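> next input, structure requested:
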Amino acid sequence: MTQILTPITAEEVAEQLPAIPFGIWFLIGAALVFFMNAGFAMLEAGFTRAKNAANIIMKNLIDFSLGTIFFALIGFSIMMAEDYVMGIIGVPNLDIFANFANFDSSNFIFNLVFCATAATIVSGAMAERTKFSAYCIYSIVISAVVYPIEAGWVWNSAGWLAERGYVDFAGSSAIHMVGGISAFLGAAFLGPRIGKYTEDKKTGKKKAHAIPGHSLTLGALGCFILWFGWYGFNGAAAGSVDELGKIFVTTTIAPAVGAVTTMLFTWFKNKKPDVSMSLNGALAGLVGITAGCGNLDAFGAFVVGAVAGILVVLAVEFIDLKLHVDDPVGAVAVHGVNGIWGTIAVGLLAVPYEAELDGGVVERAGLFYGGGAGLLSVQVIGVIAIAAWTIAAMSLAFFLIKKAHGLRASAEDEIMGLDTSEHGLASSYADFLPVVSPDSQALGGGSEKKASAPVPVEKAVPVTDVSSGTRLTKVTIITKQSKFEHLKDAFDRIGITGITVTNVLGYGIQRGGAQMYRGVPVESQLMPKIQIDIVISKVPLELLIETVKEVLYTGNIGDGKIFVYDVENVIKIRTGEEGYAALQDPVPGDE
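Below is the predicted model:
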């Protein structure tokens, strides 16, 4: 008997689910928001230089870890306490420790991960020149006091903004704008990275210099992780499958439109679509839709994303080129500027909905949906109030940290890289450092030992000149990495048996070609090359040069260069042979 399967709708699925899953989804959403810390870490590490990658990772780890401790001790009760004073601040308590059996654990975890997000936004803007200890102090301040106070205004039912019908569903203003403003203040108090700005001798004005991040791959990975986590960020508080589905739609449309808008805008403006800026465009769309993800329709999400995609480019360039505040990852533009835009957009584009105000239920809508200026005015007042509190509190915090403890790492530490100075690491990429291979005796036995049989020191130390006047020549070749295999095959054909290869970076008269990075010209783009060093005596110099030219020549710029040097002497350490003899390979079986 054939069984016919018929598709079922989302509503039918929802009817078959027990009542408990939405409580579980609430916590799953919180877990997705926690996972966004990985996204922030990858994005910030990729958009900054490799010598600071471990420092970036450590700051993101400690943001959440310190934030958990101090949000539990004081922040959560300030934000969500039932004993809430004048709609402004909760009375601190230790219910999480004193009354854990009756403590609202789900609500605590949910609000904790959002608090950590506000804190970690600042990390990227202050990257590459901040003392780690100073950053830890900042993280405590924002997690324990600054964020909980203003977030209580928005999400505690007794908060003064909540009572006026202020809409910030998932935190465009309460989280992202606060993080963005704090990032701007932190970067301004720190000052720019060394070499970021110089004075133009002709005009006397500051000139910005691009400092490209070391891995767009990591940056892209971070962007996608953040986008994935944002479905929990915006959707965790949904009250039904239908509402959750609509939130997922708006949370998908806005970043997609933001990324495409930024791509097209930078393509038109700079003649090439900017990769890092397009990643920021997607994040700007996500930040913008966060406030109204449950109150806007698909058209509203489209508008929010389109505006965010242009705003992020203009804001990044204005902050960098006009204000000369050094923000390596664009945190201020993405979170601060678009947090403001997203919150105001609710007052313009919210579809009609019912809200509880003054003990009754009223219908509200955005200005463009027939709701008048009522909701818009509340949104503007809320943005101004939250921004004013953040500016005052964080300016005081950064000022005191700078005066009492010191905010910025030393110039020497900054140039060396904070991975080394702050964390004692030579590099976050240890496998890319030179590695000293163990000698054959340490390895013991086998063909490796036989291939390099030791010579007694009394035979190795005495040196005899057996060069017989033969000319020794060093040839250095610098060319494209893609040519290496062709060169190696050619060397084998003419009897070259030993070469040294080094990966190098450099540029010629074209300085790597004209490129833009986040709206700023890259003046000298170092291009990856290989340097091959060969010392010859038996192989004719002319034969080697002709062989190399035959392999490398295309007639285009970038074929490479050959350098020829005289070598005074060569000494083989193992045997003591010099000159011509030192360059000759032993006949197999002689050793």
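> tell me the mean pLDDT for stretch 401-418?
Here stretch 401-418 scores 95 as its mean pLDDT.
> ignore what I typed, I meant stretch 208-222.
On average, stretch 208-222 scores 95.
> from one end of that stretch to the other, what's the distance?
26 Å (C-alpha to C-alpha, to the nearest Å).
> which residues does that stretch contact?
38-50, 53, 193, 195-198, 275-276, 279, 320-321, 324, 328-329, 516-518, 520-523 (C-beta atoms under 8 Å, 6 or more residues apart in numbering). For the C-beta atoms, the positions are set from N, CA and C on the backbone; glycine is no exception.
> kindly recompute the last result at 6 Å.
With contacts defined as C-beta atoms under 6 Å, 6 or more residues apart in numbering, stretch 208-222 is touched by 39, 42-43, 45-50, 196-197, 275, 279, 320-321, 517, 520, 522.
> buried among those? Make that a ChimeraX selection.
Buried residues among these (16 or more other C-beta atoms under 10 Å), as a ChimeraX selection:
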select :39,42,43,45,46,47,48,49,50,196,197,279,320,517,520,522
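> wait, a strand at residue 356?
Yes: counting by DSSP: H, G, I helix; E, B strand; the rest coil, residue 356 falls inside a strand.
> least confident secondary structure element in this structure?
When each helix and strand of the chain is scored by mean pLDDT, DSSP states H and E, helix 440-443 comes last, with a mean of 35.
> so where's the chain uncertain?
Filtered on pLDDT under 70, the chain yields the residue ranges 1-21, 431-469, 509-514, 523-525, 585-591.
> of the contacts of stretch 208-222, which belong to helices?
39, 42-43, 45-46, 275, 279 (DSSP state H).
> would you tell me which strand is longest in this protein?
When the chain is scanned for its longest strand (criterion: DSSP state E), the result is strand 527-536.
> what's that strand packed up against?
Here strand 527-536 touches strand 473-479, strand 500-506, going by 3 or more C-beta pairs under 6 Å, 6 or more residues apart in numbering; DSSP states H and E.
> let me know which of those strands is tucked in deepest.
strand 473-479 (a mean of 18; mean count of other C-beta atoms under 10 Å).
> what residues are up against residue 133?
Going by C-beta under 6 Å, 6+ apart, the list of residues near residue 133 is empty.
> and stretch 293-313, what's buried?
Those would be 293-297, 300-313, for stretch 293-313 by 16+ other C-beta under 10 Å.
> out of the helices and strands packed on strand 527-536, which gets nearest to residue 363?
Nearest of those to residue 363, taken as C-beta to C-beta: strand 500-506 at 62.8 Å.
> verify the stated contact: residue 287 with residue 176.
Yes: between residue 287 and residue 176 there is a contact under C-beta atoms under 6 Å: 4.7 Å.
> what is in contact with the two at once?
With C-beta under 6 Å, 6+ apart as the test, residue 287 and residue 176 both reach 335, 339.
> circling back: just so I know, which of the helices and strands packed on strand 527-536 lies nearest residue 96?
Nearest to residue 96, of the helices and strands packed on strand 527-536 and by C-beta to C-beta, is strand 500-506 at 52.5 Å.
> check which helices and strands that closest one is in contact with.
Counting contacts by 3+ C-beta pairs under 6 Å, 6+ apart, strand 500-506 is packed against strand 527-536.
> and the strand it packs on, which strands flank it?
Here strand 527-536 has these sheet partners by DSSP bridges: strand 473-479 (antiparallel), strand 500-506 (antiparallel).
> now render those strands as TSV, adding distance to residue 223.
TSV is the format used below for those (distance: least, C-beta to C-beta, whole Å):
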stretch	distance to residue 223
strand 473-479	35
strand 500-506	26
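> quick one: closest of those strands to residue 391.
Among the strands paired with strand 527-536, strand 500-506 sits nearest to residue 391 (C-beta to C-beta), with 41.8 Å.
> centre of the chain to the closest one, how far?
28 Å (C-alpha atoms, centre = their mean, to the nearest Å).
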